[in-house]
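Colleague: A structural model of the following input is requested.
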Amino acid sequence: MKERTLDIEFKQAYQTISGLSQDQFAPDVMLKLYAYYKQATYGDHNPDYTEHNETDLRNSFKLNAWVQLKGMSIKTAKSAYINIVNTL
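Modeller: Got it, this is the predicted structure:
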């Protein structure tokens, strides 16, 4: 898939999922979407990333899901994100 086409499809997938209620999806699906989105837009997790709060269990799960994708290319993360959205 061409990179420009991938970027367009990624943006469309993000807009589609953003317009839906998070209550519609299982927590594991939401974690995957979060992790692939972060990997696709920021790349590997930066330890200086400040959104993480160790006392907040929800953010800890989100951060862990993202860290597990370390080393995945941005292109692969975008494709995975698009695939998840398309299956929903």
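Colleague: The worst-scoring helix or strand of the chain on mean pLDDT: which residues count as buried?
Modeller: None of the helices or strands of the chain scores lower by mean pLDDT, DSSP states H and E than helix 57-67, at a mean of 88. Residues of helix 57-67 classed as buried by neighbour count (16 or more other CB atoms under 10 Å): 61, 62, 63, 65, 66, 67. In this view, the C-beta of every residue, glycine as well, is placed from N, C-alpha and C.
Colleague: Is residue 72 part of a helix or strand, or is it coil?
Modeller: Of the three states, residue 72 takes coil under DSSP: H, G, I helix; E, B strand; the rest coil.
Colleague: show me the contacts for it.
Modeller: 39, 80 (CB atoms under 8 Å, 6 or more residues apart in numbering).
Colleague: can you pull out the helices in this protein?
Modeller: In the chain, helices defined by DSSP state H lie at 3-18, 27-42, 57-67, 74-87, listed in chain order.
Colleague: related to what we said a few turns ago, which of the buried residues of helix 57-67 lies at the shortest distance from residue 39?
Modeller: Closest to residue 39 out of the buried residues of helix 57-67 is residue 66 (6.4 Å), distances taken as CB to CB.
Colleague: for that closest one, what are its contacts?
Modeller: Contacts of residue 66 by CB under 8 Å, 6+ apart are 34, 35, 38, 39, 45.
Colleague: List just the nearest of those to residue 5.
Modeller: Closest to residue 5, out of all of those and judged by CB to CB, is residue 39, at 19.1 Å.
Colleague: Please name the nearest non-neighbouring residue to that closest one.
Modeller: residue 77 (3.8 Å; CB to CB, 6 or more residues apart in numbering).
Colleague: The closest residue to residue 13 other than its chain neighbours: neighbour count?
Modeller: Nearest residue to residue 13, sequence neighbours excluded (CB to CB, 6+ apart): residue 85, at 4.0 Å. Residue 85 has 20 neighbouring residues, counting by other CB atoms under 10 Å.
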